[in-house]
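1. fold the following and give me the result.
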Amino acid sequence: MTLPPARALLAPNRFGEDPLLQRLLSLAFIAIPLPALADPAPPLLAPGVRLIDHGIYCQTDSIGTQAAPETSLGFIDTLPGVPVMVYRQQEIPGRLGTSFGVVVELDRPILDMRIETWKPGATKAEIWYDSTLADTPQMRGFAFDYPEEIIMGLWRMEAWDGDQQLYSVEFEVLPPEALPGVTSDCNLMS
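-> This is a model prediction of the structure:
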């Protein structure tokens, strides 16, 4: 059995045989932003790790900073305590001032827990190290303080004890209009 030439398998198009026009149309379709291909995965937890909460929390003033040279800013903010999540969800509006994260509790202390934040399209995580106590809720999060930090797509927050993954939680950052009324500014909430 002989197959017809590949060109014959293509349906004729209404744009004719103009190769330049066909290439431009192909590029236009590639440039159209498409919705995310996957929703955030359910949180993954290692034995001995309990997810207390996750989602969007009220903006909290920092009480200081901690050096974190493997992050884009070179430091992380220290919060006065564990904030309350006001929206328990994995969909995050991509707007300035939005704060999101996870609250976990471990059954053992860890001195050098590696915290990783994977941004959409990144080939390397932003990393910082922290210690945690046993049976004490600990918050790990991210706040959109600068416009360049707002990247649409799937974000992943992980923690590691050496080569053992403790948890992995994904969040999908969406255009703000996709989540009207969802905000970290609890002063604006009724």
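2. quickly list what the residue nearest the centre of the chain is bridged to.
-> Nearest to the geometric centre of the chain sits Trp155, at 1.7 Å (C-alpha atoms, centre = their mean). For Trp155, the beta-bridge partners are Phe171 (DSSP bridges).
3. surely it and Phe171 touch.
-> Yes: here Trp155 reaches Phe171: they are 4.7 Å apart, a contact under C-beta atoms under 8 Å. Backbone N, C-alpha and C define where each C-beta goes, glycine included.
4. overlap of the contact sets of those two?
-> Ile92 (C-beta atoms under 8 Å, 6 or more residues apart in numbering).
5. hey, where'd the helices end up in the chain?
-> 6-9, 19-31 (DSSP state H).
6. and the ones you listed, which one's lowest on average pLDDT?
-> When the helices of the chain are compared by mean pLDDT, helix 6-9 comes last with a mean of 34.
7. flag the helix or strand of this structure with the lowest per-element mean pLDDT.
-> Across the helices and strands of the chain, mean pLDDT, DSSP states H and E gives its lowest value to helix 6-9, namely a mean of 34.
8. tell me where the model's unsure across the protein.
-> The model of the chain has pLDDT under 70 over residues 1-38, 187-190.
9. repeat the analysis, applying 50 as the threshold.
-> 1-16, 19-22, 24-36, 189-190 (pLDDT under 50).
10. what about the strands in it?
-> Using DSSP state E, the strands of the chain run over 44-45, 49-57, 64-67, 75-78, 85-87, 91-93, 99-106, 110-118, 126-132, 138-143, 153-161, 164-174.
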